[in-house]
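Enquirer: I need the structure of the sequence given here:
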Amino acid sequence: MNLVSIRIITADIDGLVKFYKKVTGMPIVQYTPDFAELQTKIATLAIGSTRTLQFFGGDQIAQASQNRSIIIEFLVDDVEKDYERLADFLQPYLVQKPTTMPWGNKSLLFRDPDGNLVNLFTPQTPEAIKKFESRKVEFDPN
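Expert: Residues are numbered from 1 along each chain as shown. So this is what the prediction gives:
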């Protein structure tokens, strides 16, 4: 079994597509006005509008902007460099500036416009670097 995708349900798909495109610097394919995907080497971040819920059984299946327990994480080459690039843009969303965590990653934590937590991180310690060596970042937005 492989985890291949996380999907965010939103009432503002255009806003989230623009937000994640700016944050990641990666292309996002918007297949329909109600569904888009940001594809990485490891997994996909899908963004679906609330209108897609009808295909899963109705509006009560998921509620947009209600998450307070999941963190969407992106492995990046240099979290400090990404913070410098995004500092002004992320100001209204910022939770924590780049900070080295006890498990060896330097993390930048912020919320997307729907309130979902997002973490950009770079492994710092030898143990953390080894853990992620097979998941090298394949896209450099600079």
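Enquirer: dump the residue contacts of the spatially most central residue of the chain.
Expert: Note on the chain: the residue nearest the mean C-alpha position is Ile72, at 4.6 Å, using CA atoms, centre = their mean. Residues near Ile72 by CB atoms under 8 Å, 6 or more residues apart in numbering: 6, 8, 45, 112, 116-119. Every C-beta, even on glycine, is put in place using the N, C-alpha and C of the backbone.
Enquirer: got any ranges where this protein has weak pLDDT?
Expert: 54-64, 136-142 (pLDDT under 70).
Enquirer: all helices of it, in order?
Expert: In the chain, the helices defined using DSSP state H lie at 13-24, 79-90, 126-132.
Enquirer: before we move on, the earlier item: from the contacts of Ile72, which is closest to Thr100?
Expert: Asn119 (13.1 Å; CB to CB).
Enquirer: is it true that the closest one touches Phe74?
Expert: Yes. Contact criterion CB atoms under 8 Å: Asn119 and Phe74 qualify, at 7.2 Å.
Enquirer: so what touches stretch 99-108?
Expert: Contacts of stretch 99-108 (CB under 8 Å, 6+ apart): 79-80, 82-83, 96-98, 119-125, 127-129.
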